[in-house]
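[1] Structure for this input, please:
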Amino acid sequence: MRWIVRPSPSLDITGISVAAGLLAAAVGASYAYVDLMLNRMGASGTAIGLNAAMPALGWLLATPLMPWVLRRFNPGLVMAGLLMTAAVTFPGFELLHDERAWMLFRFLFGGSCGLVFRLVEYWISAVSPDDRRSRYIGIYSACFCGGAAVGAGAVPLVGFQGWPPVLLVLAFVAGSAAAFGRLRHGPPAVGDSPESPLWSLSGIASVGVVGALLFGMFEPVPYALMPVYVVRQGIGEEWAAWAASAFLAGQVVFSVPLGVFADRLGKIPLLAFSAMVALGMTLVIPKTVFALPALLAAMFVWGGFAGALYTISLALLTDVFEGSDLAAANAVFGTLYAVGSLTGGPLHGAAMDWRDPQGLMISAAALFAVFLTVLFWRTQRAEKPA
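    Residues are numbered from 1 along each chain as shown. Presented below is the predicted three-dimensional model:
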C-alpha cells in the first residue's frame with residue numbers, strides 16, 4: 001500500500017472513482033440496514049430521522065477543520081485513518097442493539113465516510129486539467145451513485161439479521177481501502193494558510209457554494225419523501241421505490257455527459273440550463289403520477305439535471321481557487337452541503353404537511369428558483385464594469 005507516498009499532481013480518475021464507488025456502496029448498504037433495523041427495534045419515525053442525520057452532523061462539525069488537518073498531516077494517512085475509523089465503528093451496530101449507541105456509531109461511521117468523499121472531491125478538483133474537470137467530477141459522481149445503489153440493493157440479498165449485513169459493509173470498506181491504497185499517488189498536500197477564501201466566495205464562486213447548500217436541501221426529496229409522495233396518491237410501494245431508483249439512475253447516466261458539456265460550453269450556462277430543467281420537472285411530475293412509466297421517465301430526467309447542480313457547482317470552485325485556497329473553499333462547500341442535508345428534510349416535510357402531497361413539489365421548485373435567481377444576479381454583477 002502506498003498511503004505514505006508523497007502526493008504528486010497525477011490523477012488516476014478511474015482508480016479514484018472505483019475506490020469512492022466501493023465506499024459509496026458501504027454507505028448505501030448502511031442506510032438500508034440501519035434504518036430498517038431501527039424500525040424493527042421499534043424506534044419512532046423521529047428517532048430514525050435523527051439517526052439518519054448523524055452523518056451530516058459529522059460532516060458539519062469536521063469539514064471546516066479539514067484544511068487545518070491537511071496542512072499538518074499527510075493527506076493519504078488522513079484518508080487511511082478515516083477509513084479505519086469507519087471499519088472499526090460499524091461492528092458496533094451488531095454488538096450493541098441500543099438506539100442511543102447507534103446514533104454515536106452512525107455519527108462516527110457516516111461522518112468518517114463523508115469526510116473521505118470531501119477529501120476525494122478536493123483531490124479531483126485540485127489535480128484535474130482545466131478542460132476536463134467537470135467531466136472527471138461527473139465520472140466520480142456516476143460511480144458514487146452507482147455504488148450507493150449497488151450497496152442498498154445488496155442488503156436484502158444477505159438479509160438484515162445478524163452479522164451478514166455488517167460483514168457486507170465491512171467488505172465494501174475494505175475493498176475501498178485496498179483500491180485507494182493501490183493508487184500510485186495520493187491527494188495533493190495543502191501548503192500555507194489560505195488568504196481569505198470566505199471573502200472571495202462573495203464573487204461568482206458564491207454560485208458554487210449556494211449550489212452545494214441548495215442541493216443538500218433538495219436531496220431528501222427524491223430519496224426520503226418522494227416515495228411517500230407517490231404512496232399518498234394511492235400508488236403501490238413498489239412503484240414508489242422504483243421512482244427513487246429512477247432518480248438515482250438519472251444521476252448515474254447524466255453525470256458524465258453533462259460534465260463534458262460543462263467543460264466545452266461553460267459551467268454557468270450548463271448550471272442555468274440544468275436548474276431550469278429541474279424546475280420544469282416539478283411541474284411535470286404531478287401530471288405523470290398516474291401514468292407510471294411516464295413518472296419513471298420524469299424522475300430519470302429530474303435526477304440527471306438536478307444532480308448536475310452538485311457536480312458542476314463543485315467544478316466551478318476550481319475555476320476561482322487553487323492550492324490552500326481551494327482546500328478551504330472546498331471545506332466551505334462541504335459544510336454548506338451538510339447544513340442543507342440537515343435542514344432540507346424537515347422543511348420539505350413541513351411543506352408536504354401544509355399542502356399534502358403537492359407541497360413537496362412546491363418546496364422543491366422554490367429551491368431551484370432561488371438558485372436561478374442567485375445565478376442570474378451574480379452573473380449580471382460579474383459582467384458589469386468596475
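[2] my guess is Asp12 meets Leu183, correct?
    Yes. Contact criterion C-beta atoms under 8 Å: Asp12 and Leu183 qualify, at 5.6 Å. To be clear about C-beta, it is placed using only N, CA and C from the backbone, and glycine gets the same treatment.
[3] Compare those two (neighbour count), which wins?
    Using other C-beta atoms under 10 Å as the criterion, Asp12 and Leu183 rank with Leu183 on top: 21 against 14.
[4] Go ahead and confirm that one touches Ser17.
    No. Using C-beta under 8 Å, Leu183 makes no contact with Ser17, being 11.1 Å away.
[5] Tell me the helix or strand right after the helix or strand of the chain with the lowest mean pLDDT.
    Least confident helix or strand, the chain: helix 197-200 with a mean of 48, by mean pLDDT, DSSP states H and E. Past helix 197-200, heading to the C-terminal end, the next element that is a helix or strand (DSSP states H and E) is helix 206-218.
[6] Next, count neighbours for Pro91.
    Pro91: 15 surrounding residues under other C-beta under 10 Å.
[7] cool, Gly162 as well?
    Other residues near Gly162 number 10, with proximity taken as other C-beta under 10 Å.
[8] ok, now Trp302?
    Other residues within reach of Trp302 by the criterion other C-beta under 10 Å amount to 26.
[9] so which strand or helix has it?
    Per DSSP H and E: Trp302 is located in helix 292-318.
[10] what does Ala179 give?
    In this assignment (DSSP H and E), Ala179 forms part of helix 164-181.
[11] Let's test this: mean pLDDT of that helix, rounded?
    The predicted model assigns helix 164-181 a mean pLDDT of 95.
[12] Grab the nearest non-local neighbour of Ile16.
    Distances taken as C-beta to C-beta, 6 or more residues apart in numbering place Val120 nearest to Ile16, at 6.2 Å, with adjacent residues excluded.
[13] That neighbour and Gln358, how far apart?
    With the distance defined as C-beta to C-beta, to the nearest Å, Val120 ends up 37 Å from Gln358.
[14] can you list the weak-confidence ranges in the chain?
    Regions of the chain meeting the criterion pLDDT under 70 cover residues 1-10, 44-46, 49, 190-205, 323-324, 381-386.
[15] list the buried ones in the lengthiest helix in it?
    When the chain is scanned for its longest helix (criterion: DSSP state H), the result is helix 323-354. By neighbour count, and taking 16 or more other C-beta atoms under 10 Å as the criterion, the buried residues in helix 323-354 are 324-345, 348-349, 351-352.
[16] angle of that helix against helix 206-218?
    Interaxial angle of helix 323-354 relative to helix 206-218 (axes from the mean of the first three to the mean of the last three C-alpha atoms, to 10 degrees): 40 degrees.
[17] need the next SSE after helix 323-354, C-terminal direction.
    Going down the chain from helix 323-354, the next helix or strand is helix 359-383, by DSSP H and E.
[18] Distance from the chain centre to that following helix, please.
    Distance of helix 359-383 from its chain centroid, counting by C-alpha atoms, centre = their mean, to the nearest Å, is 20 Å.
[19] for it, packing partners?
    Judged by 3 or more C-beta pairs under 8 Å, 6 or more residues apart in numbering; DSSP states H and E, the packing partners of helix 359-383 are helix 206-218, helix 226-231, helix 267-288, helix 323-354.
[20] Following the shortest one in sequence, what is the next regular element?
    Counting by DSSP H and E, the next helix or strand C-terminal to helix 226-231 is helix 237-265.
[21] quick one: buried residues of that following helix?
    Of all the residues in helix 237-265, those buried under the rule 16+ other C-beta under 10 Å are 240, 242-256, 258-259, 261-263.
[22] right, and Ala80 touches Ala177 too?
    Yes. With contact defined as C-beta under 8 Å, Ala80 counts as touching Ala177 (7.1 Å).
[23] The two: which has the busier surroundings?
    For Ala80 versus Ala177, neighbours defined as other C-beta under 10 Å are more numerous around Ala177 (23 against 19).
[24] Which residues are in contact with that one?
    Contacts for Ala177 were tallied using C-beta atoms under 8 Å, 6 or more residues apart in numbering; they are 80, 83-84, 87.
[25] what do you get for Leu360?
    Contacts were defined as C-beta under 8 Å, 6+ apart; by that measure Leu360 touches 221, 225-226, 229, 348, 351-352.
[26] if you set the cut-off to 7 Å instead, what comes out?
    For Leu360, the residues meeting the contact criterion (C-beta atoms under 7 Å, 6 or more residues apart in numbering) are 221, 225, 229, 348, 351-352.
[27] And the furthest pair within those residues?
    Of all pairs drawn from these, the one with the longest distance (C-beta to C-beta) is Tyr229 and Ala351, at 10.9 Å.
[28] how far away is Pro222 from Cys145?
    Counting by C-beta to C-beta, the gap from Pro222 to Cys145 is 11 Å.
[29] Could you count how many residues lie near Val120?
    Neighbouring residues of Val120 were enumerated by other C-beta under 10 Å; the total is 20.
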